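J.: Got a sequence here, can you model it:
(2 chains)
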Amino acid sequence: MDRRIIGDVYIAIIDKRFDAYTACKVEEVLKDQISKGATKIVADFSQTDYIASAGLRVLLSAAKSLHNLGGQIVLSSMKPQVFEIFSVSGFTQIFRIYTSQQEALESLK
Amino acid sequence: MTNQQAVNSAQSLSQLKKLVDATLYSLIPLMILTAVTGILSNSMTILAVTFDYGLSFIVQLFAFKSIRTILKSNVDKFPYGAGKLENFSAIVYGALAIPASLFIIYSSVTRLMLPPFIYLGIAQIPLIPNLVRSVLLFRKSKQLMQTSESPMVRSYYVNFKVSTIIDTGVLVSLSATLALASFGNMQTAYLIDPIVSSLFGAYMLFAGATLTVSNFKVLIDFPLPEADQLKIMAILAQEYNDYENIGNIYTRFSGQTRFIELELYLKKGQTMEEVMVLSQRIEHLLRQHFKDLHFVLIPLCESSNST
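T.: Residues are numbered from 1 along each chain as shown, chains lettered A, B, ... in the order given. Below you'll find the model as predicted:
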């Protein structure tokens, strides 16, 4: 997983597959960032072709943790097949999803 | 479980033990009788029945052990019984029944091509006590079914129901063979025995394969498929505002039953009543997708949430 920091926003660029294997790594990184004080996170899905329930669980947990700290996580740049999973599982009701990383960053300003 | 329910459960188990014991003890002399008669009469049908009895004997030994394990345990407080042992014994039966049935079918087909001489009078001897035993045990298991919900009782009931039908079929067929032979139609008479034994072998093959596959699925736990996991996530999304965070989600399925254990961090000040309502609501939503469900909500307190 690639990562970037722009201002006070932490950007996590999710891998091609966000499955049980990669979810553990993403969870570890996000937990670490949140514990270090990050309150604004963008999860960029521009490279992601597949997301499993394990990936959704990590995002849900991160969203809850950030919400409790007054922060938030927003999602961006999803391919249609990934958006479909979010839609079917009702996660579009929980997360704000933007078409580009730039839009996501602006929403957090 | 109330005291009355506990008493009823103990009585049912005691009755089941009697049924298991009667099944095993009555099987031993019949197994010996059919083996001796099968060899002496040269009837393939009787030899096939002997094979089936031999395999049933192994299964009955497992049942014999299982029921004693269950009776020794505190099943009213820890009601898991020894179900896996029963599933394992069924797999053993299935695994042995498949090669045995193939041998029976092969031998029957060989005999169809070249029918051997059969001592028909002797072949009838074990069939009558076999049928009497099946009918008596079928009636006993049917009686027990009315007071017990044990899967073991149910399997005995089905087993003896099938046994009664098969024993009747075999007895009628071999009696027809004897009648034909007494009227001098020896050629047709000697064909009936391998036909009946090949049908018996085909039934054993079907039962063996079905038992092996179905019990393997119950014995081995599999992870829940991704489509089911997504349904759980959808429910968690639906209930998003009513918990603090999620912990681990333990899922598996065994047979048709789906096991879901969900760790949820509770909100500050959330009462036990609210947690119960949330648990019931999640279970209700899960049951819309999974009919055969074992659900547990594991409430966690906020301080143990590390993030």
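J.: Please pull out the lowest mean pLDDT helix or strand from the chain.
T.: Just going to use chain A. For chain A, counting by mean pLDDT, DSSP states H and E, strand A:2-6 ranks last in confidence among helices and strands (a mean of 87).
J.: other chain: chain B
T.: None of the helices or strands of chain B scores lower by mean pLDDT, DSSP H and E than helix B:120-123, at a mean of 75.
J.: Buried residues, it. List them.
T.: B:Leu120, B:Ile122, B:Ala123 (16 or more other CB atoms under 10 Å in any protein chain shown). C-beta here means a position set from N, CA and C on the backbone, and glycine is covered the same way.
J.: How far off centre is the least confident helix or strand of chain A?
T.: Per CA atoms, centre = their mean, to the nearest Å, the displacement of strand A:2-6 from the mean C-alpha position of its chain is 12 Å.
J.: Please apply the same query to stretch B:171-190.
T.: 36 Å.
J.: What's the separation between the residue nearest to B:Ala22 when sequence neighbours are not counted and B:Leu27?
T.: Nearest non-adjacent residue to B:Ala22, counting by CB to CB, 6 or more residues apart in numbering or on different chains: B:Leu137, 6.7 Å away. As for B:Leu137, its distance to B:Leu27 is 10 Å (criterion: CB to CB, to the nearest Å).
J.: between the two, which one's more packed in?
T.: Ranked by neighbour count (other CB atoms under 10 Å in any protein chain shown), B:Leu137 and B:Leu27 place B:Leu137 first, with 22 against 18.
J.: List the residues that contact the more buried one.
T.: With contacts defined as CB atoms under 8 Å, 6 or more residues apart in numbering or on different chains, B:Leu137 is in contact with B:Leu19, B:Ala22, B:Thr23, B:Ser26, B:Tyr156, B:Phe160, B:Ser163.
J.: can you give me the helices for the stretch 201-307 of chain B?
T.: Applying DSSP state H, counting those that start in this stretch to the stretch 201-307 of chain B gives helices spanning B:226-238, B:272-289.
J.: Can you name every helix or strand that the shortest one contacts?
T.: Using 3 or more CB pairs under 8 Å, 6 or more residues apart in numbering or on different chains; DSSP states H and E as the contact definition, the elements that helix B:226-238 packs against are helix A:53-68, helix A:80-88, strand B:245-254, strand B:257-265, helix B:272-289.
J.: Out of these, flag the one nearest B:Ser198.
T.: B:Ser198 lies closest, by CB to CB, to one member of the helices and strands packed on helix B:226-238: strand B:245-254, at 35.9 Å.
J.: Three-state assignment for the most centrally placed residue in chain A, please.
T.: Nearest to the geometric centre of chain A sits A:Ala43, at 3.0 Å (CA atoms, centre = their mean). For A:Ala43, the assignment made with DSSP: H, G, I helix; E, B strand; the rest coil gives strand.
J.: How about B:Leu61?
T.: Strictly by three-state DSSP, B:Leu61 counts as helix.
J.: if we take the buried residues of helix B:120-123, which one ends up nearest to A:Glu84?
T.: B:Ala123 (66.7 Å).
J.: Report the separation between that closest one and B:Leu174.
T.: B:Ala123 is 6 Å from B:Leu174, by CB to CB.
J.: next one: B:Asp193
T.: 7 Å.
J.: swap in B:Met44?
T.: 11 Å.
J.: which residues are in contact with both of those two?
T.: Counting by CB under 8 Å, 6+ apart, the residues touching both B:Met44 and B:Leu174 are B:Asp193.
J.: isn't B:Leu85 right next to B:Lys65, touching?
T.: Yes. Look at B:Leu85 against B:Lys65 with CB atoms under 8 Å: they come within range, at 7.0 Å.
J.: any weak-confidence spans in the chain?
T.: As the question left the chain open, I've gone with chain A. Chain A contains no residues with pLDDT under 70.
J.: Oops, wrong one, chain B.
T.: B:1-10, B:73-83, B:86, B:149-151, B:302-307.
J.: who has more neighbours, B:Asp193 and B:Leu174?
T.: With neighbours defined as other CB under 10 Å, B:Asp193 and B:Leu174 compare such that B:Asp193 has more, 28 against 23.
J.: just to revisit the earlier point, export the helices of the stretch 201-307 of chain B as CSV, with columns for distance to B:Ile32 and mean neighbour count.
T.: Shown next, in CSV, are these (distance: least, CB to CB, whole Å; neighbours: other CB atoms under 10 Å in any protein chain shown):
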stretch, distance to B:Ile32, mean neighbour count
helix B:226-238, 50, 19
helix B:272-289, 51, 14
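J.: Columns distance to B:Ile246 on top of the ones you listed, output as TSV?
T.: What follows is the helices of the stretch 201-307 of chain B, written out as TSV (distance: least, CB to CB, whole Å):
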stretch	distance to B:Ile246
helix B:226-238	6
helix B:272-289	11
